[in-house]
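[1] Give me a 3D structure for the following:
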Amino acid sequence: MSSTAPEALAWSVESCTIGRAMEILGERWTVVVLREVFAGIRRFDDMRVRTNIPRQVLTNRLAMLVDNGVLHRVPYREPGSRERHEYRLTRKGFDLYPVLIAVAEWGDRYLAEPEGPPLAYEHRDCGAAVHPVIRCADGHEISDYREVLPKPGPGARRR
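    Below is the predicted model:
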């Protein structure tokens, strides 16, 4: 490694948790499915109607989210119909809410139609808009993201 090379090149990214998370979340329809479940749309047919996700794609995404412990299936039965399942968030799934809100805020800022974003997130108690916040472990809120320094963690391995 040359003396001008970034220090990060000395470290392996094989066990990177961002890469592992994106194996689960990195496909467009996966995040759309999560948006629906966070909005209270839990049934397969309701998701299909609202999103137009192809049937097989939705089936695959739901199964993958269940297999990875992000959603769990809950049986239900409409009168006169066979048993079906709703999809509900697990604790692991609920922990994705800040990620979804951060993606939504970025999209609202850069990709919304001229009249504004189609969806708003607000605090249930007071109705104020909800925003993601980055804060260090000592409680300092970070607004200049250049102040965040990626460093090797306890699981880091040299290349």
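[2] Which other helices and strands does the longest helix belonging to the chain contact?
    For the chain, the longest helix by residue count, based on DSSP state H, is helix 97-111. Secondary-structure packing of helix 97-111 (3 or more CB pairs under 8 Å, 6 or more residues apart in numbering; DSSP states H and E): helix 28-38. Every residue, glycine included, has its C-beta placed from N, CA and C.
[3] Can you show me the strands along the chain?
    Under the criterion DSSP state E, strands of the chain are mapped to 71-76, 84-89.
[4] Point out the most buried one among the ones you listed.
    Counting by mean count of other CB atoms under 10 Å, strand 84-89 has the highest mean neighbour count of the strands of the chain, with a mean of 17.
[5] what angle do that strand and helix 97-111 make?
    Between strand 84-89 and helix 97-111, the angle comes out at 80 degrees (axes from the mean of the first three to the mean of the last three CA atoms, to 10 degrees).
[6] ok so, going back, the longest helix of the chain: how far from the chain's middle?
    Helix 97-111 sits 10 Å away from the centroid of its parent chain (CA atoms, centre = their mean, to the nearest Å).
[7] Other residues contacting it?
    The contact list for helix 97-111, computed with CB atoms under 8 Å, 6 or more residues apart in numbering, reads 25, 31, 34-35, 38, 116-117, 119, 121, 130-132.
[8] List the buried residues of it.
    100, 103-105 (16 or more other CB atoms under 10 Å).
[9] which among the residues you listed gets closest to residue 83?
    Set against residue 83, the nearest of those by CB to CB is residue 100 (29.6 Å).
[10] Name only those of the contacts of helix 97-111 that count as buried.
    Using 16+ other CB under 10 Å, the buried members of the contacts of helix 97-111 are 25, 31, 34-35, 38, 121.
[11] Please tabulate those residues in a markdown table, including the columns distance to residue 76 and pLDDT.
    A markdown table is the format used below for the buried ones among the contacts of helix 97-111 (distance: CB to CB, whole Å; pLDDT from 0 to 100):
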| residue | distance to residue 76 | pLDDT |
| --- | --- | --- |
| 25 | 27 | 92 |
| 31 | 25 | 94 |
| 34 | 20 | 97 |
| 35 | 21 | 95 |
| 38 | 19 | 95 |
| 121 | 27 | 94 |
